[in-house]
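K.L.:
Sharing a model that was predicted from the sequence below.
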Amino acid sequence: MKILIDFVVLCILYFFVFLKKWQPKGKDVLFVNTTMYIYLSFVLYFTLMPIVTSLPFMFNHPYTPMNLVPFIDVSLGRGDFIRQVGLNVIMTIPFGFLFPLTKKENTNFFKTIIFCFLLSFIIEVLQPLINGFRSSDITDIITNITGGVIGYLFYIIFKPLTSKILKLIRGK
């Protein structure tokens with residue numbers, strides 16, 4: 001039920017703010033930006049939700065600082081490290097692909113990776129703040145950036161195809 005509140009807030013935000021902003025820019029912009037919005041909503045779902053109902057309790061638990069030792073889980077043989085790395089890489093592949101499509105000007109590799117880093121860093125800093133049961137880890141940032149790099153490579157490979165698709169959506 002708590003997560004449902006977050007999705008309602010995201011829907012209200014979409015329909016009353018972003019849809020009105022993106023619709024006049026064309027069907028192609030609306031399609032790409034809506035796809036990115038849905039993707040980011042799922043990232044929030046898997047990494048931070050519930051958010052709204054957690055806000056009043058943010059400071060009711062200790063904040064666990066970020067683990068700054070990369071890949072320590074491997075050396076200590078903790079948990080399901082391979083699964084976690086794989087999921088973190090997979091989670092940001094769409095970001096690396098979609099982010100350049102959301103920009104009218106050519107978005108280069110470094111700009112995409114910087115924004116991928118910022119997305120990952122913000123999530124990692126907020127996770128233990130919003131929920132006392134979550135932790136943050138430098139390994140997650142590294143693997144998220146790796147996913148962003150892979151996604152950007154897919155963007156480069158499929159750029160001719162995506163350009164054709166967006167022209168069809170645009171109606172030109």
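P.N.:
Alright, I've got the coordinates.

K.L.:
Apart from its neighbours in sequence, what residue is nearest residue 148?
P.N.:
Nearest residue to residue 148 in three dimensions, chain neighbours excluded: residue 116, at 3.2 Å (CB to CB, 6 or more residues apart in numbering). From N, CA and C alone the C-beta is placed, and that goes for glycine too.

K.L.:
Check the gap between that neighbour and residue 92 for me.
P.N.:
6 Å (CB to CB, to the nearest Å).

K.L.:
which neighbours do these two share?
P.N.:
Listed as contacting both residue 116 and residue 92 by CB atoms under 8 Å, 6 or more residues apart in numbering are 144-145, 147-148.

K.L.:
Present the residues you listed as JSON lines; the columns should include distance to residue 45.
P.N.:
Below are the shared contacts of residue 116 and residue 92 laid out as JSON lines (distance: CB to CB, whole Å):
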{"residue": "144", "distance to residue 45": "16"}
{"residue": "145", "distance to residue 45": "21"}
{"residue": "147", "distance to residue 45": "17"}
{"residue": "148", "distance to residue 45": "19"}
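
K.L.:
Name the member of those with the most neighbours.
P.N.:
For the shared contacts of residue 116 and residue 92, the largest neighbour count, defined by other CB atoms under 10 Å, is 28 neighbours, found at residue 148.
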